[in-house]
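A.B. asks: The sequence isn't on hand, but the structure is:
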Ligand SMILES: NC(=O)C1=CN([C@@H]2O[C@H](COP(=O)(O)OP(=O)(O)OC[C@H]3O[C@@H](n4cnc5c(N)ncnc54)[C@H](OP(=O)(O)O)[C@@H]3O)[C@@H](O)[C@H]2O)C=CC1
Ligand SMILES: O=C(O)C1=N[C@H](C(=O)O)C[C@H](O)C1
């Protein structure tokens, strides 16, 4: 039985992960971490890693960026692998994850769905073929409870396109103003928030007299929870290191 510690267990994603793990025969949540200790589950909830005295085989984290640094300290100290799905991480925390992965196995992805990881490949390929003749804009749409903007996925897509173009692009976030004419080197990134939109990402390539659009829509939060559960099963078989969805999909 794989013992899971679920970080952010009382959040929207925490609830979906709990329901899906309950359907698994070889996996079980042994404890949760959440600042809100209101308990609707059959496992104990701790408000911090310091309080947590229950051993686990793997951590699944859908919580808040302010928690990630403590999560990494706990992973290193307890040698527990973690699937980090939380977005909005500061650069210093990303660096901390990268160096901690020399001591423990960590998996990080801003989007745990199969589809987004496929469109990242398509987006890179399109950018390479279309080169400088096409302006690239990314539009992401999410529910009105989302804390961070732009989304982790929008950053992932923009970074992978930029890498493909030898890091020649700058990111412009939510363009506005009287003198805000688009520059050739820009990738525009725009965040829309409203209602219960689960998560939509479009990459638009606007060229002379034609437009190409690559789009992914998540229809429920289950795709992310199920991706995180698959990543947890994958991670516990791996040596220390940093992994992402590419490692599962290849
Ligand atoms: N990689 C992926 O595929 C996906 C990533 N995400 C990311 O996962 C994260 C969680 O998303 P979601 O479930 O929608 O968010 P929620 O806000 O619904 O859930 C987060 C939970 O963490 C709790 N929390 C907040 N701050 C702390 C803290 N400092 N210590 C302990 N617990 C804390 C919240 O408590 P309270 O409500 O009291 O603040 C809440 O219960 C986000 O970063 C989101 O972007 C989401 C979906 C997919
Ligand atoms: O907060 C969310 O809901 C989501 N967050 C992730 C992100 O920031 O990209 C992934 C998904 O789109 C849902």
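C.D. replies: Received it, and whenever you're ready, just let me know what you need. From a predicted model like this one, the values you see are computed outputs, not experimental measurements. Ligands and ions are numbered 1, 2, ... in the order given.
A.B. asks: all contacts plus neighbour counts: C-alpha atoms, from now on.
C.D. replies: Will do.
A.B. asks: The helix or strand of the chain with the lowest mean pLDDT: which residues count as buried?
C.D. replies: Taking mean pLDDT, DSSP states H and E as the measure, the helix or strand of the chain with the lowest value is helix 245-249, at a mean of 92. By neighbour count on 16 or more other C-alpha atoms under 10 Å, the buried set for helix 245-249 is residue 245.
A.B. asks: quick one: that helix near ligand 1?
C.D. replies: No: judged by C-alpha under 6 Å from any ligand atom, helix 245-249 and ligand 1 are separated, with a smallest distance of 10.3 Å.
A.B. asks: give me the element residue 76 is part of.
C.D. replies: Using DSSP states H and E, residue 76 sits in helix 68-78.
A.B. asks: Is ligand 1 within reach of that helix?
C.D. replies: No: judged by C-alpha under 6 Å from any ligand atom, helix 68-78 stays clear of ligand 1, getting no closer than 8.4 Å.
A.B. asks: what's next to that helix, contact-wise?
C.D. replies: 49, 80, 81, 82, 86, 89, 93, 96, 97, 100, 103, 104 (C-alpha atoms under 8 Å, 6 or more residues apart in numbering).
A.B. asks: Outline the domain layout of this protein.
C.D. replies: Here the domain parsing of the chain from automatic domain parsing is 2-108+222-249, 114-218.
A.B. asks: so how many other residues sit close to residue 96?
C.D. replies: By the criterion of other C-alpha atoms under 10 Å, residue 96 has 15 neighbours.
A.B. asks: how about the nearest residue to the most centrally placed residue in the chain, chain neighbours excluded?
C.D. replies: Nearest residue to the geometric centre of the chain (C-alpha atoms, centre = their mean): residue 110, 1.6 Å. Using C-alpha to C-alpha, 6 or more residues apart in numbering and skipping the chain neighbours, the partner closest in space to residue 110 is residue 152 (4.7 Å).
A.B. asks: Tell me if I'm right that the one you found and residue 116 touch.
C.D. replies: No: the pair residue 152 and residue 116 fails to qualify as a contact (C-alpha atoms under 8 Å) at a distance of 11.5 Å.
A.B. asks: the more surrounded of those two?
C.D. replies: residue 116 (22 against 19).
A.B. asks: Does the more buried one lie in a helix or a strand, and which?
C.D. replies: Assigning secondary structure by DSSP H and E places residue 116 in helix 114-130.
A.B. asks: show me the contacts for residue 87.
C.D. replies: Per C-alpha under 8 Å, 6+ apart, neighbours of residue 87: 64, 65, 110, 148, 151, 152.
A.B. asks: Return the per-residue confidence for it.
C.D. replies: As predicted, residue 87 sits at a pLDDT of 98.
A.B. asks: Looks like the residue nearest to the centre of the chain contacts residue 156 (just checking).
C.D. replies: Yes: using C-alpha under 8 Å, residue 110 is in contact with residue 156, at 7.0 Å.
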